[in-house]
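In: quick one: sequence and predicted model below, then my questions.
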Amino acid sequence: MGKSGSKLHPQVLMDLVRITKYTEAELQHKYKEFIHFHPSGRMQESEFVTMYSQLFPDGDAEQFARLTFKNFDKNGDGSVDFKEFICALFITGRGDVHEKLEWAFNLYDIDGNGCVTQSECLEIITAIHAMMNMQGEEPAEITAKIFKQLDKNTDGKLTRQEFIEGSRENPSVVAMFTSHSKS
């Protein structure tokens, strides 16, 4: 998908319309842009880091971009194709609350073992702070608050259920997870 032309294959286009709710025209436009910057039809991790660094020039986006790249690269082949890119873009931008929380859980579950540990949460929160060049409350304090509110069985890890249900019940936690405004 991508090397041969500037238009999406009709079946891929229809699948993406169904999955993402973007219009055909929006998808074709986004595909042309993607191919313009990634003629091979694949984005490498270094390109992803560069993109994030340009989006967040006042901070250090490298670590967050590397962690996020893993969440975009669904098939684990070390690159992100257009379908992977647009599906993640849709969820983070236009997805419903449940889709966004599922995506966030997968981001925070760095090792992919089905739960988020305090150290994984701290790693992500620290990366967000560096990217956003945030001042104020330290990442360790934020992590402790998140776990105090969400870790119902106090086992030091958040299951998918604890993460999603707790986030829905505590909007302030969602803000801590997803804050993208400088303090």
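Out: Yep, that arrived. Fair warning: this is a prediction, and the values are worked out from it, not measured in the lab. Residues are numbered from 1 along each chain as shown.
In: show the contacting residues for the spatially most central residue of the chain.
Out: Here the mean C-alpha position of the chain is nearest to the C-alpha of Thr68 (C-alpha atoms, centre = their mean), at a distance of 4.9 Å. Going by C-beta atoms under 8 Å, 6 or more residues apart in numbering, Thr68 touches 48, 52, 107. Every residue, glycine included, has its C-beta placed from N, CA and C.
In: could I get the average pLDDT for stretch 98-117?
Out: Mean per-residue pLDDT for stretch 98-117: 95.
In: ok, now stretch 36-46?
Out: On average, stretch 36-46 scores 96.
In: buried stuff in it?
Out: Neighbour-count burial for stretch 36-46 flags 38, 41-43, 45 (criterion: 16 or more other C-beta atoms under 10 Å).
In: next, give me the two most distant ones among those residues.
Out: Greatest spacing in these, by C-beta to C-beta: Gly41 and Glu45 (15.6 Å).
In: which ones among the buried residues of stretch 36-46 map onto helices?
Out: With helices defined by DSSP state H, the entries of the buried residues of stretch 36-46 inside them are Glu45.
In: of the buried residues of stretch 36-46, which is the nearest to Ser172?
Out: Glu45 (32.7 Å).
In: isn't the closest one right next to Asp77, touching?
Out: No. Contact criterion C-beta atoms under 8 Å: Glu45 and Asp77 do not qualify, at 11.1 Å.
In: what's the weakest-modelled helix or strand in this protein?
Out: Across the helices and strands of the chain, mean pLDDT, DSSP states H and E gives its lowest value to helix 171-178, namely a mean of 69.
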